[in-house]
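Participant: turn this into a structure:
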Amino acid sequence: MKRPGPLFTLLAGLLLGLFMLSLNATTGTKSASTYQEESPGVTVSPSTTAPPATTTPPPSLSPSKPPVPNADYAGRTDDDSSAVAVSLRDGRAIAYFCDGHDKESWLKGDVKDDGTMKLTGKNGAVLNGTLKDNKLIRGTVDIAGGHYPFTADKAIKPSGLYRATATVRGAKIDGGWIVLPGGRQVGILDRDGEPEAAPRIDPDSGAVTVDGQQLTARPVTP
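Facilitator: Next up is the predicted model:
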């Protein structure tokens, strides 16, 4: 029997060729797939962390001044020649300057929120004062050509300012008294325009006797 050598060799060659084609096709697909998988993605730059916000501390507030009180103050001038009393009520003030002999003045005006005041009286009399921590009033009185610095401390009753007006035996009486801490009194009694030293009053009741007639001196407020 004749051997099919050449035919077998041809078939083997064809099979080998088909195998190689199939292998190349498979390898190419895998390479393409691998390339897609390994393609670099979009590079995202790392986010920059914002610096922490700086907190500005609130400005410190200066302590506010205490409100102007309703109170009375009494004291003496620096030269110890006269007395001064000031009564404060609801932002208003009335004051009395008196030397106990023949020089006196009633003054009045407003008190500012910062405790300063400018009070005026007859014949150009002026009191300029400042309330210090509600404990005292420091200021000056200008009257009849004189300039009198003074300090008036907060008064505790019966210390304070008193006044009595009446008609006694046909004469018009106007008396003013300053009762100082410790009980000392300074006052002037004006009788029909003529000043003189005032008699003492009872600080507890305000009773005072003028020419045999009893009057009542009452606390003065604005």
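Participant: and the helices in the protein?
Facilitator: Applying DSSP state H to the chain gives helices spanning 5-38.
Participant: least trustworthy helix or strand in it by mean pLDDT?
Facilitator: helix 5-38 (a mean of 53; mean pLDDT, DSSP states H and E).
Participant: output the below-cut-off pLDDT ranges for this protein.
Facilitator: 1-65 (pLDDT under 70).
Participant: contacting residues for the closest residue to Pro158 other than its chain neighbours?
Facilitator: Leaving out its chain neighbours, the residue that sits closest to Pro158 by Cβ to Cβ, 6 or more residues apart in numbering is Pro203, at 3.3 Å. In short, each C-beta sits where N, CA and C put it, glycine included. Each residue near Pro203 by Cβ atoms under 8 Å, 6 or more residues apart in numbering is listed here: Lys157, Pro158, Ser159, Val179, Gly183, Gln185.
Participant: and the gap between the third one and Ala125?
Facilitator: It refers to Ser159. In this view, Ser159 and Ala125 are 23 Å apart by Cβ to Cβ, to the nearest Å.
Participant: quick one: which of the contacts of Pro203 is nearest Gly129?
Facilitator: Ser159 (17.6 Å; Cβ to Cβ).
Participant: for the closest one, grab the count of nearby residues.
Facilitator: 22 (other Cβ atoms under 10 Å).
Participant: what sits against it?
Facilitator: Neighbouring residues of Ser159 by Cβ under 8 Å, 6+ apart: Asp72, Ala74, Val179, Leu180, Pro181, Pro203.
Participant: and the nearest residue to Asp142 once chain neighbours are set aside, bridged to which residues?
Facilitator: Nearest non-adjacent residue to Asp142, counting by Cβ to Cβ, 6+ apart: Val126, 4.8 Å away. Applying DSSP bridges to Val126 gives these bridge partners: Thr120, Asp142.
Participant: wait, Val126 touches Thr120, no?
Facilitator: Yes. At 5.7 Å, Val126 and Thr120 qualify as touching, with contact defined as Cβ atoms under 8 Å.
Participant: out of those two, which sits in the busier spot?
Facilitator: Val126 (16 against 13).
Participant: in stretch 71-85, what's buried?
Facilitator: Ala71, Asp72, Tyr73, Ala74, Gly75, Arg76, Thr77, Ser82, Ala83, Val84, Ala85 (16 or more other Cβ atoms under 10 Å).
Participant: how close does Gly183 get to Lys157?
Facilitator: For Gly183, the distance to Lys157 - Cβ to Cβ - is 12 Å.
Participant: how about Gly115?
Facilitator: In terms of Cβ to Cβ, Gly115 sits 22 Å off from Lys157.
Participant: who has more neighbours, those two?
Facilitator: Using other Cβ under 10 Å, the more surrounded residue of Gly115 and Lys157 is Gly115, with 19 against 10.
Participant: what's the spacing between the more buried one and Asp78?
Facilitator: From Gly115 to Asp78 the distance is 20 Å (Cβ to Cβ).
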